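Trainee: please find the sequence and the predicted model below.
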Amino acid sequence: MLRRLILLLLFASALAWPADLSGSWNFKATSQQGEHAARLTLAQDGEKITGTLDTDRGEFKIEGTLKGDQIRFSVQYTGADAPRQVPFSGKLEGDRMSGQYQAGENTGNWSAERSR
C-alpha cells in the first residue's frame, strides 16, 4: 500500500513539473510569401519565457509564458515600418511545438523543433 502511494505521489509531481523550454530551437513560420526559417533561443524561469528569434531580417527579442502545454509569446519586431509586437500562440508536445501567429492583418502557422 505504501509503495503504491509513493508511486502515485511521484507520478503526480511529474505531471505538475513544468516543461523546460530553455535552449535552441529550429523555428519555421509560414506566410503568404512562403516558409521562413529562424533560430529560436529560449530561457525559462517558471512559467515566464524570454529569448531571441534570429532571422534573416535580424535578431528580435521575445517574451511570453508557458502554462501547461500552452505557449504564448510576442516577438518585438523592429523592421522597416513602425515597431510592433507580433503575438504567437501554440502547443508544446515534447521536443516540438506549433501554433498560429498574427502580424497585422496577416495570420500564419509556425512550428519549432528542439535543436540536437
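Mentor: Alright, I've got the coordinates. Numbering: from 1, shown residues only.

Trainee: and Q102, which helix or strand is it part of?
Mentor: Assigned by DSSP states H and E, Q102 falls within strand 96-103.

Trainee: hmm, who's touching whatever helix or strand comes next after that strand?
Mentor: Next helix or strand after strand 96-103 toward the C-terminus (DSSP H and E): strand 106-114. For strand 106-114, contacts defined as C-beta atoms under 8 Å, 6 or more residues apart in numbering pick out 23-32, 40, 88, 90, 95-101. All C-beta atoms are positioned from the backbone trio N, CA, C, and that covers glycine.

Trainee: ok, stretch 70-78 next?
Mentor: Against stretch 70-78 from outside (C-beta under 8 Å, 6+ apart): 21, 49, 53, 58, 60-65, 83-92, 97, 99, 103.

Trainee: try it again with 10 Å
Mentor: With C-beta atoms under 10 Å, 6 or more residues apart in numbering as the test, stretch 70-78 has contacts from 19, 21, 29, 38, 40, 42, 49-53, 55, 57-66, 83-92, 97-99, 101, 103, 112.

Trainee: show me those residues that map onto strands.
Mentor: In strands, judged by DSSP state E, the following of the contacts of stretch 70-78 are found: 29, 38, 40, 42, 49-53, 55, 58-66, 84-92, 97-99, 101, 103, 112.

Trainee: okay then, goodbye and thanks.
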